[in-house]
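Enquirer: okay, sequence plus prediction incoming.
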Number of protein chains: 2
Amino acid sequence: MDAAFTNRNPGSGDAPNMKLADLPTPCLVLDRQKLQRNIRTMAGNLARHKVPLRPHMKTAKSVDVARLALLGQPGGITVSTLAEAEYFASHGIVDILYAVGITPAKLEQVTRLNASGANVTVITDDLLAAEAIAAHPANIKALIEIDCGEQRGGVLVAEDLITELANRLGSHLIGVMTHAGHSYQGRSIAEITRIAELERSHVVYAAQRLRTEGHGISIVSAGSSPTGRHAETMNGLTEFRAGVYMFGDLFQAEIDTHARDSIALTVLTSVIGRPSGRLLVDAGALALSKDRSTEASPHDFGYGLVLDVQCEPALGNAIVRKAYQEHGVVELDPTSPIAAPVGTRLRILPNHACLTAAAHDRYYVVDGSDDVVAVWPRMNGW
Amino acid sequence: MDAAFTNRNPGSGDAPNMKLADLPTPCLVLDRQKLQRNIRTMAGNLARHKVPLRPHMKTAKSVDVARLALLGQPGGITVSTLAEAEYFASHGIVDILYAVGITPAKLEQVTRLNASGANVTVITDDLLAAEAIAAHPANIKALIEIDCGEQRGGVLVAEDLITELANRLGSHLIGVMTHAGHSYQGRSIAEITRIAELERSHVVYAAQRLRTEGHGISIVSAGSSPTGRHAETMNGLTEFRAGVYMFGDLFQAEIDTHARDSIALTVLTSVIGRPSGRLLVDAGALALSKDRSTEASPHDFGYGLVLDVQCEPALGNAIVRKAYQEHGVVELDPTSPIAAPVGTRLRILPNHACLTAAAHDRYYVVDGSDDVVAVWPRMNGW
């Protein structure tokens, strides 16, 4: 198999003498200064609440980013796939919460991981899965997933199902967790603050209920990037989870969770054609993703906002209006003409960093200039 | 770097004793019987027109699929990235058309490929790029890209720019090409047939014009899957290009280009939760893509149509209504109740096969049953 082509497998480390002008396009460019500032901001928010961070690595999927996100934190992470768990464990990050509902069949992979030195905790909201965890010969630890209003996964705090789940899990139960994914729908800071309190209060109430019923609950875990930014209190939480805050994206900027000029991730692209009033670029649906999460935002950025290679808004409000597989169609801002011959390099701010990053196998790291100071690999897939 | 985790690098070949029930989810399942039938259908269409096929490998990105698609054809392929060109050339498929507008900087990679035995032809609609091709010390061959109405890339046949491009390319010019991407917008077979004739006539007219002006035009290349299916004549074309026909998808089915029960590609997923009236599955926005191309179709399939593990419509009109990064929310058809406990395996027909496949590093190949008969790697990225 052709590892050289399916994944060019860069090594972590320095990339001397490379500049943005030298990179193959499309590719991901990660601004380390902005990344570190975003990480410091979230750490500061949580320090005020005296709650440690278990960073969610589903956005970055990079051990180099994880090491920065873990500075000053206890060392545990959150993941969204067991492939992420394998990857991070192989790099020595072993305290892992797999924050997607487990199936009985996946317990084998968790067992193999834990037997090799990892400490993967699973989550469930399902009686069959809870039974499978309890019946499994390996001593797998689990959290009960609580629905704090998003109506995706999880048990409602008033349901008797919580008690049933806890009883079936028995000694495998070590805590509760929730995720206020609906904070992404908040359209004001006040609304996000209100949702943050729902997130906190639901999971804390669930923990109290289970403790009253005689269960040992040591982990009370909540989190999302918007609620991490705007929560007024985190009383009762033992840890907080968030991920997209590291990079930020246009959607997070639209909901006032992230400053637009602190978005650390861009897609470097080249102009490949110049139809009238537009530019064709080599970042299309694969390089950007087809995520349209800013569609209902105050600003609809299409498939991304187009900046010049220095990350300055020299093109005004130029956005990627259409995304074919490998072609992006940039609608130019008529008030901001730009000379952009074929070959011109541009940078595109993504709508949704988690999905945009997922098509790429590495980050080209810059420190605010056009010098590439490192190449950080990222993993993908399942 | 952790090739084992970023890309599990399966080898091509048999996968004895694996069944769909054993596979990690989410993953791609490819039905070889349907694939071969789709390939035979397109080959038959083109044989009637006496035009050879240069299959577009941007959908499958697999040498195993390419070998099937090339049966009875001259042996050249089309690609959408230079990484695809590298991959296929390394497997001995060397006659390659890179069908995305070239930039001057990318000529170096083309040169390296051709020096190592490949024969990569590029396309352009830009004077600067044409000059760079002509000035480059390597003898790179190029086609002029013609716009037959899609208004994405390409030159209009009546523009003087065609002559200017041809003059700058000089002896590097070997032909013309076009792609009727707007055939995807056709909403009847009659409309697609009409667009097919625009595709054919524009590129044939461009070839005639350039021949009249004294240029040697040996390649007259057109193609898209819908026009390949519904063209009435291909007179004057020397080759045809298409890709998504190999797999098909829900969008192609909606525009009457592909039978829904001939879609060869599905995403195998597991139920991970059962909120009221819905199922949560482990195929979300990454495993399916956020493509919504059926949104304006007669049937809006959300992020995909959900079948049982045998690929039968046992769930009625159940579709993936929401797609989070790793969670799909299946809206159940109230007229088709299904017992689907956590762990149940389902298969999802994709909206857009090219984008769905791109998150995955392999195909698990079946022959109509639930036995996995082979594992075929695929490449991704740039």
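Expert: Here it is on my side, so go on. Numbers count the residues shown, from 1 in each chain, chains lettered A, B, ... in the order given.
Enquirer: how much space between the most far-flung residue of chain A relative to its centre and B:Y303?
Expert: Farthest-out residue of chain A from its mean C-alpha position, per C-alpha atoms, centre = their mean: A:S276, at 37.2 Å. For A:S276, the distance to B:Y303 (C-beta to C-beta, to the nearest Å) stands at 34 Å. In this view, the C-beta of every residue, glycine as well, is placed from N, C-alpha and C.
Enquirer: and for A:D333?
Expert: As judged by C-beta to C-beta, A:D333 and B:Y303 stand 32 Å apart.
Enquirer: and those two? Which one has more around it.
Expert: B:Y303 (28 against 15; other C-beta atoms under 10 Å in any protein chain shown).
Enquirer: sec struct for the residue nearest to that one when sequence neighbours are not counted, please.
Expert: Of all residues not flanking B:Y303 in the chain, B:V320 sits nearest, at 3.9 Å (C-beta to C-beta, 6 or more residues apart in numbering or on different chains). Three-state call for B:V320 (DSSP: H, G, I helix; E, B strand; the rest coil): strand.
Enquirer: B:V320 pairs with what?
Expert: Beta-bridge pairing of B:V320 under DSSP bridges involves B:G302, B:V330.
Enquirer: so how far is chain B from the residue nearest to A:G243 when sequence neighbours are not counted?
Expert: Leaving aside its sequence neighbours, A:G243 sits nearest to A:H56 (C-beta to C-beta, 6+ apart; 3.1 Å). Using C-beta to the nearest C-beta, to the nearest Å, A:H56 is found at 10 Å from chain B.
Enquirer: residues in contact with A:H56?
Expert: A:77-80, A:99, A:223, A:241-244 (C-beta atoms under 8 Å, 6 or more residues apart in numbering or on different chains).
Enquirer: count the neighbours of A:A323 for me.
Expert: A:A323 has 25 neighbours, counted by other C-beta under 10 Å.
Enquirer: again, but for A:T41
Expert: A total of 17 residues lie near A:T41 under the criterion other C-beta under 10 Å.
Enquirer: tell me which residues touch it, please.
Expert: Contacts of A:T41 (C-beta under 8 Å, 6+ apart): A:Y245.
Enquirer: and it, which of the three is it?
Expert: A:T41 - assigned by three-state DSSP - is helix.
Enquirer: A:N235 touches A:V203, doesn't it?
Expert: No. Using C-beta atoms under 8 Å, A:N235 makes no contact with A:V203, being 11.4 Å away.
Enquirer: more neighbours, those two?
Expert: More crowded of A:N235 and A:V203, by other C-beta under 10 Å: A:V203, with 31 against 12.
Enquirer: doesn't A:I192 belong to a strand?
Expert: No. Applying three-state DSSP, one finds A:I192 to be helix, outside a strand.
Enquirer: contact partners for the residue found closest to it once you drop the neighbours it is linked to in the chain?
Expert: Counting by C-beta to C-beta, 6+ apart, A:G186 is the residue found nearest to A:I192 once chain neighbours are left out, at 3.8 Å. Residues in contact with A:G186 (C-beta under 8 Å, 6+ apart) are A:192, A:194-195, A:226, A:255.
Enquirer: closest to chain B among those residues?
Expert: When the contacts of A:G186 are compared for distance to chain B (C-beta to the nearest C-beta), A:P226 wins out at 14.9 Å.
Enquirer: how about that closest one: what's its closest non-neighbour residue?
Expert: Nearest non-adjacent residue to A:P226 (C-beta to C-beta, 6+ apart): A:S183, at 4.0 Å.
Enquirer: what's the one you found in contact with, if anything?
Expert: The neighbours of A:S183, taking C-beta under 8 Å, 6+ apart as the test, are A:192, A:195-196, A:199, A:224, A:226-227.
Enquirer: surely it forms part of a strand?
Expert: No. Under three-state DSSP, A:S183 falls outside any strand and is assigned helix.
Enquirer: how many other residues sit next to A:M18?
Expert: Residues near A:M18, counting by other C-beta under 10 Å, number 17.
Enquirer: thinking again about what came up before, would you turn the contacts of A:G186 into JSON lines with neighbour count?
Expert: Formatted as JSON lines, the entries for these read as follows, by neighbours: other C-beta atoms under 10 Å in any protein chain shown:
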{"residue": "A:I192", "neighbour count": "25"}
{"residue": "A:R194", "neighbour count": "16"}
{"residue": "A:I195", "neighbour count": "25"}
{"residue": "A:P226", "neighbour count": "30"}
{"residue": "A:I255", "neighbour count": "24"}
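Enquirer: could the residues you listed go into JSON lines alongside pLDDT?
Expert: JSON lines is the format used below for these (pLDDT from 0 to 100):
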{"residue": "A:I192", "pLDDT": "95"}
{"residue": "A:R194", "pLDDT": "96"}
{"residue": "A:I195", "pLDDT": "96"}
{"residue": "A:P226", "pLDDT": "95"}
{"residue": "A:I255", "pLDDT": "93"}
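Enquirer: quick one: pLDDT of the residue sitting nearest the centre point of chain A?
Expert: Centroid check for chain A by C-alpha atoms, centre = their mean gives A:T59 as the closest residue, at 2.9 Å. Per-residue pLDDT puts A:T59 at 98.
Enquirer: how close does it get to chain B?
Expert: Distance from A:T59 to chain B, by C-beta to the nearest C-beta: 9 Å.
Enquirer: quick check: that residue touching A:A358?
Expert: No. Assessed by C-beta under 8 Å, A:T59 is found out of contact with A:A358, at 9.1 Å.
Enquirer: need the helices for chain A, in chain order.
Expert: Assigned by DSSP state H, chain A shows helices spanning A:3-6, A:32-49, A:63-69, A:82-90, A:107-115, A:127-135, A:161-169, A:189-212, A:225-230, A:250-254, A:285-288, A:353-357.
Enquirer: so for B:K141, which of those sits nearest?
Expert: Nearest to B:K141 among those is helix A:3-6 (22.9 Å), distances taken as C-beta to C-beta.
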